[in-house]
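[1] Need coordinates for the below:
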Amino acid sequence: MEFPKKEKDKHLGLRIDSELHYKLHYISQYDGRSANGEVIYLIRQRIEQFEREHGKIDLPD
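    Residues are numbered from 1 along each chain as shown. Here you go, the predicted model:
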């Protein structure tokens, strides 16, 4: 699998329906995060879960 060149931060556009948008903002405010921070948190949680089940994902050089 080929990966793009490493950079510090990446931009990811995301389309979500209005119900999901409302619920995401509700949860993120409850947790004291921005919606973006909540999405990053959820992604990290999922990666940690995956690595516990399947082993560490090595990053390309």
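[2] use CA for all of it now, contacts and neighbours both
    Noted.
[3] Now do residue 12 against residue 41, distance only.
    For residue 12, the distance to residue 41 (Cα to Cα, to the nearest Å) stands at 15 Å.
[4] try residue 24
    From residue 24 to residue 41 the distance is 12 Å (Cα to Cα).
[5] can you give me the mean pLDDT across stretch 39-51?
    On average, the pLDDT along stretch 39-51 is 97.
[6] which residues sit against it?
    Residues outside stretch 39-51 that contact it (Cα atoms under 8 Å, 6 or more residues apart in numbering): residue 57.
[7] Stretch 15-30 too?
    For stretch 15-30, the external contacting residues (Cα under 8 Å, 6+ apart) are 34, 35, 37, 38.
[8] Would you mind checking the residues you listed for buried ones?
    Using 16 or more other Cα atoms under 10 Å as the burial test, these include 34, 35, 38 as buried.
[9] Residue 24 and residue 41 - which one has more neighbours?
    The neighbour comparison of residue 24 against residue 41 (other Cα atoms under 10 Å) goes to residue 24, with 18 against 14.
[10] That one: what secondary structure?
    helix (DSSP: H, G, I helix; E, B strand; the rest coil).
[11] Can you show me the strands along the chain?
    Under the criterion DSSP state E, the chain carries no strands.
[12] Low-confidence stretches in it?
    For the chain, the stretches flagged by pLDDT under 70 are 1-7.
[13] And the residue nearest the centre of it?
    Computing the C-alpha centroid of the chain and ranking residues by Cα atoms, centre = their mean puts residue 43 first, at 2.8 Å.
[14] If anything else comes up later, I'll come back, but that's it for now.
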